[in-house]
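Q: Everything below, folded, please.
(chains A and B)
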Amino acid sequence: SQTIHQWPATLVQPVGSPLSLECTVEGTSNPNLYWYRQAAGRGLQLLFYSVGIGQISSEVPQNLSASRPQDRQFILSSKKLLLSDSGFYLCAWDPGLERNNEQFFGPGTRLTVL
Amino acid sequence: AQSVTQPDIHITVSEGASLELRCNYSYGATPYLFWYVQSPGQGLQLLLKYFSGDTLVQGIKGFEAEFKRSQSSFNLRKPSVHWSDAAEYFCAVKGASKSTFGDGTTLTVKP
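A: The predicted structure is shown next:
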């Protein structure tokens, strides 16, 4: 069966520090991968998605970036964190190919920027 | 552009009462629609989905949703709410390559 992992689970970082969040998927190949941010009391904002290794689409301009160095690994990064980067970050995957496939979400990373 | 509106930010119902969560979507072609549930501090879990066929779809945990093309709606229902249903619920529409989520509805269940 397929599983999705995210780490760390929680993170407290000072403003201006770098960031690296990792997401890995097991039990499937060539998945579509997604990074979402969920601010307190808000819905899910799509940040990046990837349909293959090295293929990244950015949805919103910001100081975050994403990379997909391996088929089942998706990394969210920042060189300098802002206070507004605080939130709950969710990674998700779907098998691609068919639109009727739902997304499968990881457990999330709670990021607090102080 | 695709979009989803969940008009109710917060709903409170008594345990055992019926529930309806509203969802309106905008999409230029045949919509692929989903309802997800999120417990506090957790990821999202799929409740049900619709992409064709019978407009009344059944999901897990006793939930169902009805697709109404004329109203651009995909409302979620449950005949009798349990305390464990307290959570946040998200409606989503999926386009060619990505999903758009509503802002969510928080459900509180009173004993």
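
Q: now stretch B:58-78, how far from the chain's geometric center?
A: Between the centre of stretch B:58-78 and the centre of its chain there are 7 Å (CA atoms, centre = their mean, to the nearest Å).

Q: nope, stretch A:36-56 is what I was after
A: Distance of stretch A:36-56 from the chain centroid (CA atoms, centre = their mean) equals 6 Å.

Q: Buried ones in that stretch, by neighbour count?
A: Across stretch A:36-56, burial judged by 16 or more other CB atoms under 10 Å in any protein chain shown covers A:36-38, A:43-50, A:56. Every C-beta, even on glycine, is put in place using the N, C-alpha and C of the backbone.

Q: for stretch B:10-20, same thing?
A: Neighbour-count burial for stretch B:10-20, counted by 16+ other CB under 10 Å, picks out B:11, B:13, B:19.

Q: List the contacts of the last one.
A: Same thing as residue B:19. B:11, B:13, B:76-78, B:81, B:85, B:107 (CB atoms under 8 Å, 6 or more residues apart in numbering or on different chains).

Q: Same list (the residues you listed) but as a markdown table, adding distance to residue A:19, secondary structure and pLDDT.
A: Shown next, in a markdown table, are those (distance: CB to CB, whole Å; DSSP: H, G, I helix; E, B strand; the rest coil; pLDDT from 0 to 100):
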| residue | distance to residue A:19 | secondary structure | pLDDT |
| --- | --- | --- | --- |
| B:11 | 35 | strand | 97 |
| B:13 | 39 | strand | 97 |
| B:76 | 35 | strand | 98 |
| B:77 | 41 | strand | 98 |
| B:78 | 39 | strand | 98 |
| B:81 | 39 | coil | 98 |
| B:85 | 35 | helix | 97 |
| B:107 | 32 | strand | 97 |
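
Q: what ranges do the helices span in the chain?
A: Looking at chain A here, since you left the chain open. Shown for chain A, no helices are assigned by DSSP state H.

Q: For the most centrally placed residue in it, give its distance to residue A:22.
A: Using CA atoms, centre = their mean, the residue of chain A that lies closest to the mean C-alpha position is residue A:35, 2.9 Å off. Computed with CB to CB, to the nearest Å, the distance linking residue A:35 and residue A:22 is 11 Å.

Q: which neighbours do those two share?
A: residue A:74.

Q: coming back round to it: just the buried ones from the contacts of residue B:19, in PyMOL syntax?
A: Buried residues among those (16+ other CB under 10 Å), as a PyMOL selection:
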select buried, chain B and resi 11+13+76+78+81+85+107
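
Q: mind putting the contacts of residue B:19 in CSV, distance to residue B:63 included?
A: Formatted as CSV, the contacts of residue B:19 follow (distance: CB to CB, whole Å):
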residue, distance to residue B:63
B:11, 14
B:13, 14
B:76, 6
B:77, 7
B:78, 5
B:81, 10
B:85, 9
B:107, 11
